[in-house]
Structure formats: structure tokens, C-alpha cells
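J.: Sequence and predicted structure are below.
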Amino acid sequence: MGEEAPEFRVESVALESKDCLQNAIDIGDKTYVISNSDDPKSSITIKILDKLTQTWVVPTVLGAPPNPTSSHSAVLVNNEKILIIEKGVPLNDSIWFLEVDTPFVKQQSKIKGTVVVAWSKGVIGEGQKPIVISGPSGVGKGTLIAKLMKEYPSKFGFSVSHTTRAPREKEIDGVHYHFTERSKIEEEISEGKFLEFAHVHGNVYGTSIEAVESVTDEGKRCILDIDVQGARSVRASSLEAIFIFVCPPSFEELEKRLRARGTETEEQIQKRLRNARAELDQSNSPGLFDHLLVNDDLEACYENLKKLLSLDDDHEDSNDSFIKDGKETACYSILSKTNSEILLQSETNEAEKGTTNLILLDLSSLSGGAPGRTRGLKISPVN
Ligand SMILES: Nc1ncnc2c1ncn2[C@@H]1O[C@H](COP(=O)(O)OP(=O)(O)OP(=O)(O)O)[C@@H](O)[C@H]1O
Ligand SMILES: Nc1nc2c(ncn2[C@@H]2O[C@H](COP(=O)(O)O)[C@@H](O)[C@H]2O)c(=O)[nH]1
């Protein structure tokens, strides 16, 4: 997708210009020009100048971009990604990575046959591990999850899956599932938007990366209700999670619950029961599930679930107190960079408020990345 070189040359682009409307970052033969738009509703745009051919390329941009702001500052982290600090938004929302040559970007570039870049939001700390709950249809996964979410609404968030199955009475699109068409979900899967997907009981079900990350962004622990194939895929992914398998007290009781729920036709019940046998067989697969829970008496099972999630002695992320300060609208710019440490300076006079105006951003323990968030950022005030 080459374009004719516009009038201005990249050498004339102001690096770290005062209003930071535009930054130019050199990587090898390419210059990445990162611009805030004049339109306050538009996010940052990316253009790449090939310095050898003097041609411009507008890349395919993957991932949710940062919120529109008026300015930003940028610095090259390594030859794979650029760190961008947005101004005028809470610090927690201001740290972004533009991946230009990571394995994900290379893979997507190959699939699409175009130049690809990808956004990944930076997350301070590791966050709590998501919880994957699997088990045969009708065992009570949804019932247990609903109880947990009711008792701890600010602690847990549900990963809303996509499915091609028809909604049941009382099921709400976007709440219980994102109900979708097969062709649509297949397209989105090929675009790398899904953490996992599986063909379950004759339909396609999948967990989008956004479903998990939007819960984490709210500062909540994500719960996934997925089948055993999905659990295997998540196990094989870079997402670290806790895996729980819920068993029925007996196969007869499982069948009774499935029938009593009254949501499936006889044919569908038979299919689900056949699949249940296979799922129960896999509950002991080495290294797959961390915990097995028997859902006989509901209250007893729920108490056991809470116990294994250590809900009584849950501890907060050690960065939390500083993150809370970070919820204020920030105006930080990049002051300097050494190997994996970046010094950020506040442009508001924090010193007057008796707090520091310098923050050290430590990138030495980064994990994840596009198509999901980049975790493991550490921040500390500089005294
Ligand atoms: N311990 C229990 N004792 C008796 N009934 C239960 C128990 N737990 C759940 N149930 C009931 O069993 C039925 C199936 O439960 P639920 O819908 O939560 O299962 P599920 O595992 O989420 O199923 P699916 O995978 O099909 O979504 C519901 O009617 C629920 O009220
Ligand atoms: N692999 C995935 N499995 C999923 C997902 N969402 C739900 N499920 C599983 O499907 C069956 C049937 O669910 P139902 O709502 O039709 O009864 C159940 O075992 C769920 O755990 C998903 O995103 N991925």
C-alpha cells in the first residue's frame, strides 16, 4: 500500500516537540511517524517512511488504540516496540506499546500480506490470575459463577464469550454471550482476536482477547466459563490462569440437572451427555486442571470454591497504593531512558502538592503483549 512521499521530509518532524503532536521513531531503514489527530475524536495515527525508497506506507493497525488525546511522547523500547505515553488521561490509561516487529506482528503480517503494527496497552503490575472454570454441561458452573459475582461484584468480572448458538429465553446479548454468526466469528478468529475457541455441542464458542482484558482493565479478576478444549487452549497460551474442573456427584444427577433446566431439546441433551462423558474422562489429564470440585450440595461446593480462591486472605497488588494516585489525570512526558528504565516527568507541578514529579517506569519484567495487554510494568516515585 505505497503512497507518494508528501512534501515534508521526516528530518523536519519535531522530535519530542513541545506539544508532542507528532513523534518520529527510527528503526533500521524505517521511520515510524506517530501523530495525534486534529480531530479530538480520532486516536493516534501511524505512518511509516521507508527511508531507502522514500515511500510512505500506512500500515494495518491491529488492537484497540489509545483513547484520543491531544498529545503524547514516544520512545523506542527495543527494535520490536515503541513506548507511547499519552497526556491528559489517567496514568493507568496512558501507557501504551506500539508493536512493530514482535512475533505476533510478524505472524499477522504474513497472514495479511500487509505491513502490520499492533497496539498493546501497558498494565502496571501483574494483576490477579484469571480463573478458568470447566466441567460438563449442566454441572452447575454458571450457578457457581453467578454466586461468586453476586457476593463479590467488585472483585470478579465475567469473560463474556462469543457463541453461534441461539440465545435462550432471558439470555441477553453482550451479558451472557455475544451472540454471533459463524462467518463473523470465523473471520475474527482469523484476525487473531480470540484467545481460544472450540466447536462445542455443534456450535462455535470462543473467548475474545477483549473479553478477558476488559475485565482486567476494570481491576477485576476475570472468570472464564469454557469447555475442556478451551481450557487446553488457554493452558497452551501465554495467559497464566487457575484451572478448575467441576464434577457432578454422579452421571445420573448431571442428567437430572440438565433435564430440569429445560433449556435444551432431547436431541441436544443427548449430545451434551455424550460430550459430558468425554469431558469427565479428561478431568484428570496431567497438568490440565489445578483443582477438582464436586458440585453435590451447592452451598458446600461454593464454600470450597471460595476456599481455594483464598477469598478470606486475599491480598491486594503491591502497586495498588501508587496506582490509585495514578488514577488522576496525568501529564507525563518521557525524560530519559536507560536499558529498561524510563524516567517520566510530570508537567503539572506535583512538587507544590508535596508529591514527586518524577516517576521511574521499570520495563525489565514485561510479559504478554499484543494481541493482549503488556503486563509487568513497575512504577515507583523518584524521591
Ligand atoms: N449443586 C446443585 N444441586 C442441584 N442443582 C444444581 C446444583 N448446581 C446447579 N444446579 C442446577 O443445575 C442446572 C444446571 O446448572 P448450570 O446452568 O449452572 O450448569 P452449567 O454447568 O453452567 O451448564 P452449561 O455448561 O450448559 O452452561 C441449573 O438448573 C441449576 O440451578
Ligand atoms: N471453549 C469454549 N467453551 C465455552 C465458551 N463459552 C462457553 N463455553 C462452554 O460451552 C458449553 C455450553 O455452554 P451453553 O451456554 O451453551 O450451555 C459449556 O461447557 C461452556 O463452558 C467459550 O468461550 N469457549
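T.: Received, thanks. Ligands and ions are numbered 1, 2, ... in the order given.
J.: what about Arg277, which SS state?
T.: helix (DSSP: H, G, I helix; E, B strand; the rest coil).
J.: for Ile269, same thing?
T.: Strictly by three-state DSSP, Ile269 counts as helix.
J.: if you skip the residues just before and after it, what's nearest to it?
T.: Leu258 (5.6 Å; CB to CB, 6 or more residues apart in numbering). For every residue, glycine as well, the C-beta is placed using N, CA and C.
J.: Kindly report the same for Ile95.
T.: Closest to Ile95 by CB to CB, 6+ apart is Gly122, at 3.4 Å.
J.: The helix or strand containing Leu344: which residues count as buried?
T.: Using DSSP states H and E, Leu344 maps to strand 341-346. Neighbour-count burial for strand 341-346, with 16 or more other CB atoms under 10 Å as criterion, is recorded at Ile342, Leu344, Gln345, Ser346.
J.: So which one of those is the model least confident about?
T.: Across the buried residues of strand 341-346, the smallest pLDDT goes to Ser346, namely 84.
J.: separation between Pro371 and Thr102?
T.: As judged by CB to CB, to the nearest Å, Pro371 and Thr102 stand 10 Å apart.
J.: shared neighbours, these two?
T.: Ala118 (CB atoms under 8 Å, 6 or more residues apart in numbering).
J.: who has more neighbours, the two?
T.: Pro371 (24 against 20; other CB atoms under 10 Å).
J.: Using JSON lines, lay out the buried residues of strand 341-346 together with distance to ligand 2.
T.: Below are the buried residues of strand 341-346 laid out as JSON lines (distance: CB to the nearest ligand atom, whole Å):
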{"residue": "Ile342", "distance to ligand 2": "37"}
{"residue": "Leu344", "distance to ligand 2": "38"}
{"residue": "Gln345", "distance to ligand 2": "43"}
{"residue": "Ser346", "distance to ligand 2": "41"}
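J.: Now the nearest residue to Ile111 once chain neighbours are set aside, what are its backbone angles?
T.: Residue nearest to Ile111 in three dimensions, not counting chain neighbours: Ser190, with 7.3 Å by CB to CB, 6+ apart. The phi and psi torsions at Ser190 (degrees, to the nearest 10) take the values phi -70, psi -20.
J.: hang on, isn't Ser190 packed against Gln108?
T.: No: using CB atoms under 8 Å, Ser190 is not in contact with Gln108; the gap is 10.1 Å.
J.: Determine the set of other helices and strands touching the next helix-or-strand element following the strand holding Leu344.
T.: Once the chain leaves strand 341-346, the next helix or strand it forms, by DSSP H and E, is strand 358-362. Strand 358-362 is packed against strand 341-346, strand 374-381, with contacts defined by 3 or more CB pairs under 8 Å, 6 or more residues apart in numbering; DSSP states H and E.
J.: between those strands, which gets nearest to Glu126?
T.: Proximity to Glu126 (CB to CB) singles out strand 374-381 among the helices and strands packed on strand 358-362, at 5.5 Å.
J.: List the buried residues of the closest one.
T.: Thr374, Arg375, Gly376, Leu377, Lys378, Ile379.
J.: Just give the nearest non-adjacent residue to Lys47, would you?
T.: Val33 (4.7 Å).
J.: Given whatever helix or strand the one you found lives in, what are its sheet partners and their directions?
T.: Assessed by DSSP H and E, Val33 sits inside strand 30-35. Paired neighbours of strand 30-35 in the sheet (DSSP bridges): strand 22-27 (antiparallel), strand 45-50 (antiparallel).
J.: returning to that earlier point: pretty sure the residue nearest to Ile269 is in a helix, no?
T.: Yes: per three-state DSSP, Leu258 lies within a helix segment.
J.: what's the spacing between stretch 68-77 and its chain's center?
T.: Its chain's C-alpha centre and that of stretch 68-77 lie 21 Å apart, by CA atoms, centre = their mean, to the nearest Å.
J.: Let's see it as PDB, backbone CA atoms only.
T.: The C-alpha coordinates for stretch 68-77 follow below in PDB (Å, rounded to 0.1, in the frame of the first residue of the first chain):
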ATOM      1  CA  PRO A  68      -7.900  10.100  21.600                       C
ATOM      2  CA  THR A  69      -5.800  12.800  23.300                       C
ATOM      3  CA  SER A  70      -4.200  15.900  22.100                       C
ATOM      4  CA  SER A  71      -0.500  14.900  22.700                       C
ATOM      5  CA  HIS A  72       1.900  12.100  23.600                       C
ATOM      6  CA  SER A  73       5.500  11.300  23.900                       C
ATOM      7  CA  ALA A  74       7.300   8.300  22.500                       C
ATOM      8  CA  VAL A  75      10.500   6.300  22.800                       C
ATOM      9  CA  LEU A  76      11.900   3.200  21.300                       C
ATOM     10  CA  VAL A  77      11.900   0.300  23.800                       C
END
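J.: Touching that stretch from outside, list them.
T.: Contacts of stretch 68-77 (CB under 8 Å, 6+ apart): 16, 19-21, 23, 25-27, 34, 36-37, 39-44, 66, 82-89, 97-98, 332-334, 337, 342, 363.
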